[in-house]
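Visitor: predicted structure and sequence below. I'll ask about it afterward.
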Amino acid sequence: MGGTTFLQLDLPPLLAALLAGGTCGLLGSLLVLRRESLVGDALAHAVLPGIVLGFALTGLRAGVPMLGGALLAALLAVAAIGLVRRAARLEAGAATGAVFTVFFAAGLFGLELSGARSVDLDLDCVLFGQLETLVWPAATGWGSLADPAALGSLPRQLGLLAGVALASAVAVALCWRPLKLLCFDPGYAAVLGLPARGLETGLALLVAAAAVAAFESVGSILVVALLVCPAAALRLLTDRFAPQVIGGAVLGAALAVLGYALAGPLPAALGSGVALNAAGVIGTLGGLAVALAALLTRGRRLAAAG
């Protein structure tokens, strides 16, 4: 495969997978430490009505309107979960499951009413993404990486993913100690007067932003897998905050890159005419990472006991 072909066909989806995996792995670690992985699942599905609303108002698959609608839907979902918990006296998991199911169903209904299928914003896109369709026709060689005009024609999904990734990394870095206290000792955090509710809302908005930035590329199913699997694997291997959070981001990015390579480019380089769905391979690798971490943890415990 020549350099131009790689830049045109493989670099954009590779970057999209890396950014989505790293961002979801970073934020997913915070959710796992707070035992709120289901919240990530809920937000990844609950943003769909907001995405559809952004499209319905503009008629375009533009990143900013869809992101704005998704953040609004995320706030409404968080408020609805709290309302359902208080009104029906349900535990958190049941209320979360009920709310995200209703929101996701409303989003699917909105897809049909809004005419989103006319721009290929359909169920397949929402569930499985369109990673392989991200291409960069303007690339003519390695020099295109330094050409502003060529860079300006990169898929718009990459810009949104990069922006959300940067915002997430900066937010976690700036709130490192408060987040650490919130994850490991929320009672002590409350005694210190930390804005726990604000931190929780901010984390929910970042997860929602990551979900909407990644859903068009990798789909909502893979967003959930990337929010949970890298973080869960690290949680089995470490009890320390920094290795968990940073390691989750690194592992998420690595699984995404490896999954894309195993799905298409590697089989093609080996002369195989069969390619797999990249999102499916990345999700499978996420599950295998958790299984391997569980086996390593069990082996370590057996060795310590023996």
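Guide: Yes, it's here.
Visitor: and for G286, the neighbour number?
Guide: Close neighbours of G286, defined as other Cβ atoms under 10 Å, add up to 28. All C-beta spots, glycine's among them, are computed from the backbone N, C-alpha and C.
Visitor: residues contacting it?
Guide: Neighbour list for G286: 225-226, 228-230, 255 [criterion: Cβ atoms under 8 Å, 6 or more residues apart in numbering].
Visitor: at 6 Å what do you get?
Guide: G286 makes contact with 225, 229, 255, according to Cβ atoms under 6 Å, 6 or more residues apart in numbering.
Visitor: so the last one versus L285, what's the distance?
Guide: Noted for L255: a distance of 5 Å to L285, by Cβ to Cβ, to the nearest Å.
Visitor: then the first one?
Guide: Here the distance between A225 and L285 works out to 9 Å (Cβ to Cβ).
Visitor: any idea which helix or strand comes after the one helix or strand V52 maps to?
Guide: Using DSSP states H and E, V52 falls within helix 48-58. As assigned by DSSP H and E, the chain's next helix or strand after helix 48-58 is helix 63-88.
Visitor: what helices or strands is that following helix leaning on?
Guide: helix 37-46, helix 48-58, helix 92-114, helix 196-237 (3 or more Cβ pairs under 6 Å, 6 or more residues apart in numbering; DSSP states H and E).
Visitor: residues making contact with stretch 132-150?
Guide: If you take Cβ under 6 Å, 6+ apart as the criterion, stretch 132-150 is touched by 3-4, 7-9, 12-13, 16, 153-155.
Visitor: can I get these in TSV including secondary structure and distance to W142?
Guide: Shown next, in TSV, are the contacts of stretch 132-150 (DSSP: H, G, I helix; E, B strand; the rest coil; distance: Cβ to Cβ, whole Å):
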residue	secondary structure	distance to W142
G3	helix	6
T4	helix	8
L7	helix	7
Q8	helix	12
L9	helix	15
P12	helix	15
P13	helix	18
A16	helix	20
S153	coil	16
L154	coil	15
P155	coil	19
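Visitor: out of those, who's nearest P186?
Guide: Checking these against P186 by Cβ to Cβ gives A16 as the nearest, at 34.5 Å.
Visitor: pLDDT wise, what is the nearest residue to A171 once chain neighbours are set aside at?
Guide: Ranked by Cβ to Cβ, 6 or more residues apart in numbering and with sequence neighbours excluded, the top spatial neighbour of A171 is L206, at 6.2 Å. pLDDT for L206: 87.
Visitor: before I go, just wanted to say thanks for your time.
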